[in-house]
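J.: Fold the following.
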Amino acid sequence: MTSNNSQSTEAAAGISPRSVLGKLPRYAAGKPPTVLEGVQSYKLSSNENPLPPLPAVLTAIRDRTDINRYPDPATTSLRGELASFLGVPAEDIVTGAGSLGALNQILAAFAGQNDFDAPDEVIYAWRSFEAYPICVGLAGAESRPVPVRVDGTHDLDAMAAAVTDRTRVILLCTPNNPTGPALPAAAVEEFLIRVPANVVVVIDEAYQEFVRDAGVVDGLEMYRRYPNVIVLRTFSKAHGLAGLRVGYSVSQPGLTAHLRMSAVPFAVSQIAETAAVASLQHFDEVAERVQGIVDERVRVVEGLRELGWKIPEAQGNFVWLALGESTPDFAAQADLQGLSVRAFGTEGVRVSIGEPEANTRFLALCAGYPVAPGGC
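T.: Below is the predicted model:
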């Protein structure tokens, strides 16, 4: 007798997914560190905040018992708090399940496969956030990646030149994940002037709170001046709420009207909304914690450069080592030291700024690594 499982397997064998799935890269989440006896292991592979949410946040969500009910689909409380915090109308804010969820809503609204025409195109720098090609492909659009410069910065001239009559969305990641540099305000403004007004430009600022360069672009300023700009932000990094999935976009009413149509219903739970509101209400404490991470970033960057490593400008909560063919070996050596880092093929390694002890151990690893650091 054939089991139900066998019948299900045979039936599923005749079902084919969309052809695009076979063409997309798989998202690789940061791996946890190997557990070593007698040694504290640290995860430096996911750009997470090493600190838990603020005590006030944990207190605010502790007594939420209404999870048998659907959350507010309009996230009214959070949008109101954000409006006051950012100085923008609440109507210009659309929330999502993390900035990635908010990005998917943008692509669903503005880029994809049309009825009879060729697919829309989405331009982004590469290497950049590894979810970009996956999100674009699943939306039914075609990726048009433009290589970053040797120093890890966006090549905005090449990106502007890549625009065609099929371009619908451009993604600017600032600071760029995983390489680290942020985009100068003047360069972005010049870029926006060159881009057709009917092309949506997304300024992805997931790491905005960690930026300390005064000349870096402020997405909110660009959104106020350019109707085709959408700003993307998240509570995952600075606020330490990665596990609750809270993000949002800010754009003018001509765009938010479409984004509300594509928004996933109930994407932000009531617990997540409560946590985000409480964190905003205690942002002075968030900022103090962020400054501590920035101070550690400065220590790590200065330490690497003293050792002779050539690294791009770091404006996020991570650093980038362009190790090339040595990438897998470096990641393996880090694992032996109880450190998980994020390796990208044979391009390089991204290392999150973590606990001080983890950062010190990372610097010690770099000090003794056999590859000549001046060539990395």
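J.: Just the helices from this structure, written as ranges.
T.: Ranges of helices in the chain, per DSSP state H, are 4-12, 55-62, 76-86, 98-110, 132-139, 156-161, 185-194, 219-225, 253-262, 270-281, 283-306, 327-336, 356-368.
J.: To residue 125, which of those lies closest?
T.: Across those, residue 125 has its closest neighbour in helix 156-161 (6.8 Å, C-beta to C-beta). The C-beta positions use only the backbone N, C-alpha and C, and glycine is treated the same way.
J.: Report the distance from the closest one to the chain centre.
T.: From the chain centre to the centre of helix 156-161 is a distance of 22 Å (C-alpha atoms, centre = their mean, to the nearest Å).
J.: before we move on, what about stretch 186-203?
T.: 20 Å.
J.: could you dump that stretch to CSV, C-alpha only?
T.: Only the C-alpha atoms of stretch 186-203 are listed here, as CSV (Å, rounded to 0.1, in the frame of the first residue of the first chain):
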residue,chain,number,x,y,z
ALA,A,186,25.5,66.8,-3.0
ALA,A,187,26.1,63.7,-5.2
VAL,A,188,22.6,62.3,-4.5
GLU,A,189,21.0,65.6,-5.3
GLU,A,190,22.9,65.8,-8.6
PHE,A,191,21.8,62.2,-9.3
LEU,A,192,18.2,63.0,-8.6
ILE,A,193,18.3,65.9,-11.1
ARG,A,194,19.6,63.5,-13.8
VAL,A,195,17.0,60.8,-13.1
PRO,A,196,13.6,61.1,-14.9
ALA,A,197,10.9,62.3,-12.6
ASN,A,198,8.8,59.2,-13.3
VAL,A,199,11.4,56.9,-11.8
VAL,A,200,11.0,56.1,-8.1
VAL,A,201,14.3,56.5,-6.2
VAL,A,202,14.4,54.6,-2.9
ILE,A,203,16.9,55.9,-0.3
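J.: For it, could you pull out the residues that count as buried?
T.: Residues of stretch 186-203 classed as buried: 188, 191-192, 195, 199-203 (neighbour count, 16 or more other C-beta atoms under 10 Å).
J.: just to revisit the earlier point, and residue 349, which of the helices of the chain is closest to it?
T.: Checking those against residue 349 by C-beta to C-beta gives helix 327-336 as the closest, at 5.5 Å.
J.: Now flag whichever of the buried residues of stretch 186-203 is closest to residue 65.
T.: Nearest member of the buried residues of stretch 186-203 to residue 65, counting by C-beta to C-beta, is residue 202, at 37.1 Å.
J.: Give me the below-cutoff pLDDT ranges for the stretch 1-150 of the chain.
T.: For the stretch 1-150 of the chain, the stretches with pLDDT under 70 are 1-13.
J.: Mean neighbour count, the helices of the chain: which tops it?
T.: The highest mean neighbour count among the helices of the chain, using mean count of other C-beta atoms under 10 Å, belongs to helix 98-110: a mean of 24.
J.: what about that helix, distance to the chain center?
T.: Its chain's C-alpha centre and that of helix 98-110 lie 12 Å apart, by C-alpha atoms, centre = their mean.
J.: hmm, who's touching it?
T.: 94-96, 120, 122, 131, 135-136, 138-139, 141, 168-169, 171, 200, 202, 204, 206, 230, 232-234, 236, 242, 245-249, 255, 258-259, 261-264, 267 (C-beta atoms under 8 Å, 6 or more residues apart in numbering).
J.: sorry, back to before: let me have the buried residues of stretch 186-203 in CSV, extended by pLDDT and distance to residue 369.
T.: Below are those laid out as CSV (pLDDT from 0 to 100; distance: C-beta to C-beta, whole Å):
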residue, pLDDT, distance to residue 369
188, 98, 36
191, 98, 37
192, 98, 41
195, 98, 42
199, 98, 43
200, 98, 42
201, 98, 39
202, 98, 37
203, 98, 35
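J.: Tell me who's in contact with the residue nearest to residue 129 when sequence neighbours are not counted.
T.: Among residues not flanking residue 129 along the chain, residue 177 sits closest, at 4.9 Å (C-beta to C-beta, 6 or more residues apart in numbering). By C-beta under 8 Å, 6+ apart, the residues touching residue 177 are 47, 128-129, 206-207, 316, 318, 350.
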